[in-house]
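A.B. asks: generate coordinates for the sequence data below:
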Amino acid sequence: MIKAVIFDADGTLWKGDSFMMRPPFEKISEYMVKDERDREIILFEGTRELLDFLTKKKIFVGLASQNFFDTIFEIMNLLEIQHYFTEDIVLVDWASKIMMFDKILASDFLLKNNIEPDNIVFVDDNESENLIPVKKKYPSIKTILAKENLSHIKEIRELIE
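C.D. replies: Numbering: from 1, shown residues only. Alright, predicted model coming up:
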């Protein structure tokens, strides 16, 4: 039974490289944020609906992103998706994804909510650097490759339903 889905940000939740973005940021639409140099972050179609679906199913939503904390959270606030994420399983820094999962799996939050590695799905767009190493260290974590055709959104929903 899946109890938590942990996403990467860039290339997984949205199109664009947030680590390249510089404030000030401007909300262009409910799906787009631009920075001072007109670089864009565009929320992938179906992402907000997937986050809403997971929340309604009482599945915790987390984030493991190699990035700047302030940038990620400002973008998430402007896109109005920050409220879907469970603070206790949100890690944004420059550590490897394995180190992030070491921290997440050692957290009191997982213990309190009876969440084991086999109850977790990790979604990322980088198979070789992120998904494979996490899967190798934690083989019971389900990994899903985020794809440009957005088929991962359907795959996550089917896994939960």
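
A.B. asks: SS state for the nearest residue in space to residue 68 that is not next to it in sequence?
C.D. replies: Counting by Cβ to Cβ, 6 or more residues apart in numbering, residue 19 is the residue found nearest to residue 68 once chain neighbours are left out, at 6.2 Å. Glycine gets a C-beta too; all of them are placed from N, C-alpha and C. At residue 19 the chain is in helix, as set by DSSP: H, G, I helix; E, B strand; the rest coil.

A.B. asks: double-check residue 19 against residue 75; I have them as touching.
C.D. replies: No. At 10.8 Å, residue 19 and residue 75 do not qualify as touching, with contact defined as Cβ atoms under 8 Å.

A.B. asks: need the next SSE after the top strand by length along the chain, C-terminal direction.
C.D. replies: Secondary structure of the chain per DSSP state E: the longest strand is strand 60-66. Toward the C-terminus, strand 60-66 is succeeded by helix 69-78 as the next helix or strand (DSSP states H and E).

A.B. asks: helices of the protein, start to end?
C.D. replies: Using DSSP state H, the helices of the chain run over 47-56, 69-78, 97-105, 108-112, 132-137, 151-160.

A.B. asks: report the buried residues of the second one.
C.D. replies: If I follow you right, that is helix 69-78. 71-76, 78 (16 or more other Cβ atoms under 10 Å).

A.B. asks: and that helix with strand 60-66, angle?
C.D. replies: Taking axes from the mean of the first three to the mean of the last three Cα atoms, to 10 degrees, helix 69-78 and strand 60-66 form an angle of 140 degrees between their directions.

A.B. asks: counting contacts, what elements does helix 69-78 pack onto?
C.D. replies: strand 90-93 (3 or more Cβ pairs under 8 Å, 6 or more residues apart in numbering; DSSP states H and E).

A.B. asks: next, the buried residues of the strand it packs on.
C.D. replies: 90-92.

A.B. asks: what pairs with it, and is each one parallel or antiparallel?
C.D. replies: strand 60-66 (parallel) (DSSP bridges).

A.B. asks: and the nearest residue to residue 152 once chain neighbours are set aside, how many neighbours does it have?
C.D. replies: In space, and not counting its chain neighbours, residue 152 is closest to residue 146: 4.7 Å by Cβ to Cβ, 6+ apart. By the criterion of other Cβ atoms under 10 Å, residue 146 has 23 neighbours.
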